[in-house]
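**Q** return a 3D structure for these sequence lines:
(one chain, ligands or ions: 1)
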Amino acid sequence: MTRLKRRLGREYRTMMCMVDIYCRDHHPGERHRPCLRCLRFLEYAEQRLHKCPYGQRKPVCARCPVHCYKRAQREQARKIMRYAGPRMLVRHPWYALAHVADKLRRVEHPMDIRRRKAGRTATRVPGRKPR
Ligand SMILES: [Zn+2]
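**A** Numbering: from 1, shown residues only. Here you go, the predicted model:
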């Protein structure tokens, strides 16, 4: 897999930090860090980032309308974020702040991405609320 760049790369590194925080406190006594289970999760997360239809315009996952994670991984992600999220501000303030900034970005509707990729200018469907 090619390395994730720019915003996607940062998002992946943010994820690595969060998994590290979570893993240390929840899976003590593991020989490797992150432990094998958490490493699998990170690999999955990386693969999802690579396949994100938004590419570098990716919104934060919490605001994304796509929901690309499978149920089990999504549950795992939620647990990790809930635990590591608040701790990120102290441990990795830059990533935490960058994430807050990303949260404020406008989320593109999946149909608009399709239109953009097809090379047409985005036209609003009448009657649909702009997002
Ligand atoms: Zn772990």
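**Q** quick one: average pLDDT of whichever strand or helix holds Gly9?
**A** Assessed by DSSP states H and E, Gly9 sits inside helix 6-26. Averaging pLDDT along helix 6-26 gives 95.
**Q** what element comes up after that helix heading to the C-terminus?
**A** Going down the chain from helix 6-26, the next helix or strand is helix 36-51, by DSSP H and E.
**Q** may I see the buried residues of that next one?
**A** In terms of neighbour count (16 or more other CB atoms under 10 Å), helix 36-51 has its buried residues at 38, 41-42, 44-46, 48-49. For the C-beta atoms, the positions are set from N, CA and C on the backbone; glycine is no exception.
**Q** what ranges in the protein fall below the confidence cut-off?
**A** Counting by pLDDT under 70, the low-confidence segments of the chain come to 1, 120-131.
**Q** now do 80
**A** Counting by pLDDT under 80, the chain shows low-confidence ranges at 1-2, 106, 108, 110, 113, 116-117, 119-131.
**Q** circling back to that earlier point, and the helix holding Gly9, anywhere near the ion?
**A** Yes - judged by CB under 5 Å from the ion, helix 6-26 comes into contact with the ion at Cys23.
**Q** let me know the angle separating that helix from helix 36-51.
**A** Helix 6-26 and helix 36-51 are oriented at 170 degrees to each other (axes from the mean of the first three to the mean of the last three CA atoms, to 10 degrees).
**Q** ok, residues contacting helix 6-26?
**A** The contact list for helix 6-26, computed with CB atoms under 8 Å, 6 or more residues apart in numbering, reads 3-4, 30, 33-35, 38, 41-42, 45-46, 49-50, 52, 55-56, 58, 79-81, 83-85, 87-88, 91-92, 95, 98-99, 102.
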